[in-house]
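[1] Got a predicted structure plus its sequence, pasted below:
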Amino acid sequence: MGITRRIIFPTVRIFLWAVIAVALVKIAFAGADVTTATDPLRPTAEIVEAHVAATTGTITNKVTVKAAVVADAATPVRATLAGTVTKLLAKGGQQVDAGTAILLITLETPVDPTVTTDAETGVQTVTANKPKIKTETIKVPHAGTLALPTLKDQVVSVGDVIATVSPGTMSVSGTLTPDQQYRLLGAPADAEVTLKGGPAPFTCTNLRIGAAAAATDTTQVAGTTGQSASGVVTCAIPAGAVAFPGLGADLAITNGTAENAVVVPVTSVQGSVQNGNVWVVQPDGTSASKPVTLGLTDGETVQIVEGLALGDQILQFIPVGDGGKPDCSNPATFDPTVCAG
């Protein structure tokens, strides 16, 4: 072992350094071989556009909205006559039925005195007349808990809020993205509610869709990729269902089902509502735009009502740069991947 360390290893090291030195001298004086093949460089890769065939399937347009339980707002009760509150017929905090009278408003209108003249003496006699009195009994529009801040002898004007009635009911409410709102055109009157940590799913009724509340900054919808809110959906919780304001919920709205429908991926279609465009693969391998009529969508596939036949080959993805940016205000060209960002 001593001979190996003292003689063999140093000899090998000297030999390696000699080889490196010779190589460096050759490169310095002869140059490195940088010659290339005589054949010109040609690309060896080819970009192939993915194709997909129109197939049949069952498609269900089911939109699930992240929502929350809210107490239904109190209904204001307004004065329908300008005058003075002359009588209170109910008390604040009282449970009232629809049509319950809560107060009386009286309006006194002065009547000019009657002046008579004696024909013989010419003396005039002035007789005071009683004022013209009009009364209005104010009633609540529906049952609930009455809040009555108005006082007796208070002067009110037409339209003044003189009381409120809290219905004591609750609803499930959530915000909608533009693509969800388009998918809920002609929505049904009920939906399925699943409360977080609550009872089994149940059906809510009187489903309503309205515009989103105006805000100084853009409100984003929970559970979406940065999409802004364009609408609000509300559905009434039935009596007997145990819920609490602020409780989280999933609101599942089924807006139609189609069986044995011609379907394609949503990525293949420009537009998402009513009308759209697909790119049909031609015999020579090129593609051509073709208008189609759209039906239901589940967010991943879309029904083609007219314009494609079963088995037709189309591009799986819309050609980049074709047609420019779609008109986001037009349902026929609305594209959630572009418009809802």
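    Perfect, thanks for sending it.

[2] any idea how far residue 195 is from residue 64?
    Per Cβ to Cβ, to the nearest Å, residue 195 is found 14 Å from residue 64. All C-beta atoms are positioned from the backbone trio N, CA, C, and that covers glycine.

[3] Then residue 261?
    Using Cβ to Cβ, residue 261 is found at 21 Å from residue 64.

[4] Are there helices or strands packed against the lengthiest helix in the chain, and which ones?
    With secondary structure taken from DSSP state H, the chain has its longest helix at helix 9-30. Of the remaining helices and strands, none touches helix 9-30 by 3 or more Cβ pairs under 8 Å, 6 or more residues apart in numbering; DSSP states H and E.

[5] For that helix, give me every contacting residue.
    Contact with helix 9-30 is made by no outside residue, as judged by Cβ atoms under 8 Å, 6 or more residues apart in numbering.

[6] Tell me the strands beside the helix or strand following it, with direction?
    Counting by DSSP states H and E, the next helix or strand C-terminal to helix 9-30 is strand 51-53. Strands that pair with strand 51-53, judged by DSSP bridges, come out as strand 313-315 (antiparallel).

[7] Next one, pLDDT for the residue nearest to residue 145 when sequence neighbours are not counted please.
    Closest residue to residue 145 apart from its sequence neighbours, by Cβ to Cβ, 6 or more residues apart in numbering: residue 166 at 4.6 Å. Note on residue 166: pLDDT of 96.

[8] My guess is residue 238 contacts residue 193. True?
    No. Contact criterion Cβ atoms under 8 Å: residue 238 and residue 193 do not qualify, at 9.4 Å.

[9] Give me the more crowded residue out of these two.
    Using other Cβ atoms under 10 Å, the more surrounded residue of residue 238 and residue 193 is residue 193, with 24 against 16.

[10] Residue 233 versus residue 65, what's the distance?
    Distance of residue 65 to residue 233, computed by Cβ to Cβ: 6 Å.

[11] Next, show the common contact partners of these two.
    Joint contacts of residue 65 and residue 233 (Cβ under 8 Å, 6+ apart) are 174, 175, 176, 251, 253.

[12] What pLDDT is listed against residue 10?
    73.

[13] Sorry, slip of the keys, the one I care about is residue 115.
    Per-residue pLDDT puts residue 115 at 86.

[14] Then residue 326?
    57.

[15] returning to what we had before: surely the residue nearest to residue 145 and residue 142 touch.
    No. Counting by Cβ under 8 Å, residue 166 stays clear of residue 142, with 10.2 Å between them.

[16] Could you list the alpha-carbon positions for stretch 138-152 in PDB?
    C-alpha atoms of stretch 138-152 as PDB (Å, rounded to 0.1, in the frame of the first residue of the first chain):
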ATOM      1  CA  ILE A 138    -102.800  51.700   7.600                       C
ATOM      2  CA  LYS A 139    -102.500  47.900   7.400                       C
ATOM      3  CA  VAL A 140     -99.500  45.600   7.100                       C
ATOM      4  CA  PRO A 141     -99.000  43.700   3.800                       C
ATOM      5  CA  HIS A 142     -98.100  40.300   5.300                       C
ATOM      6  CA  ALA A 143     -97.700  38.500   8.600                       C
ATOM      7  CA  GLY A 144     -94.600  38.900  10.700                       C
ATOM      8  CA  THR A 145     -93.100  40.900  13.600                       C
ATOM      9  CA  LEU A 146     -94.100  44.500  13.700                       C
ATOM     10  CA  ALA A 147     -91.600  47.400  14.300                       C
ATOM     11  CA  LEU A 148     -93.600  50.600  15.000                       C
ATOM     12  CA  PRO A 149     -91.400  53.600  15.700                       C
ATOM     13  CA  THR A 150     -94.200  56.100  14.800                       C
ATOM     14  CA  LEU A 151     -95.800  58.100  17.600                       C
ATOM     15  CA  LYS A 152     -99.300  59.400  18.200                       C
END
